[in-house]
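A.B. asks: Dropping a prediction and its sequence here:
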Amino acid sequence: MYLNRLDQLEEKSKIYIYGAGSHGYILNKSIKFYRPDITVLGFIDSYKSGELSMIPIYSIDQFFNSVNIYNYILIATNSNYWNEIGDFFIKNNIKNYLNNTFYDFDIYGKKKVNKFDS
């Protein structure tokens, strides 16, 4: 499944973002602006650790070894990796993930709340 618009997510969702690179960073910023009701619990990343935008980055092992109550994992990586990540999630019985196709790469920072209304 794909996340095309942020309004696809239920109100007050709790999510993890898979990918702590530029795609994950931009997605987090967009969520904070357009959907402040959504809580980003953390980032999941295979290579990075620490924090991104004051949000913890978890390794795959840390994520699987902790108790996680969340609505979705949003995959925010280069689309070349989506099948591999999706296969990994399915193999580990994680079904509530979405590949992120929503992007707001507004380099000038001029965000408008109704920018994406139809």
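C.D. replies: Happy to help now that I have it.
A.B. asks: Okay, residue 90 and residue 84: tell me how far apart.
C.D. replies: From residue 90 over to residue 84 the distance is 11 Å, taken as C-beta to C-beta, to the nearest Å. No exception for glycine: its C-beta is placed from N, CA and C like everyone else's.
A.B. asks: can you give me the helices in this structure?
C.D. replies: Listed in chain order, the helices of the chain (DSSP state H) span 22-34, 60-64, 82-91.
A.B. asks: Determine which stretch of those helices is the most buried.
C.D. replies: Of all the helices of the chain, helix 22-34 carries the top mean neighbour count, a mean of 19, counting by mean count of other C-beta atoms under 10 Å.
A.B. asks: how about the nearest residue to the spatially most central residue of the chain, chain neighbours excluded?
C.D. replies: Nearest to the geometric centre of the chain sits residue 17, at 2.8 Å (C-alpha atoms, centre = their mean). In this structure, residue 17 finds its nearest non-sequential neighbour in residue 24, 4.7 Å apart by C-beta to C-beta, 6 or more residues apart in numbering.
A.B. asks: these two touch, right, residue 38 and residue 31?
C.D. replies: Yes: contact criterion C-beta atoms under 8 Å: residue 38 and residue 31 qualify, at 5.3 Å.
A.B. asks: who touches both of these two?
C.D. replies: Shared contacts of residue 38 and residue 31 (C-beta atoms under 8 Å, 6 or more residues apart in numbering): 6, 15.
A.B. asks: Where does pLDDT dip in this structure?
C.D. replies: 104-118 (pLDDT under 70).
A.B. asks: What about residue 102, how many residues nearby?
C.D. replies: A count of nearby residues for residue 102, using other C-beta atoms under 10 Å, gives 21.
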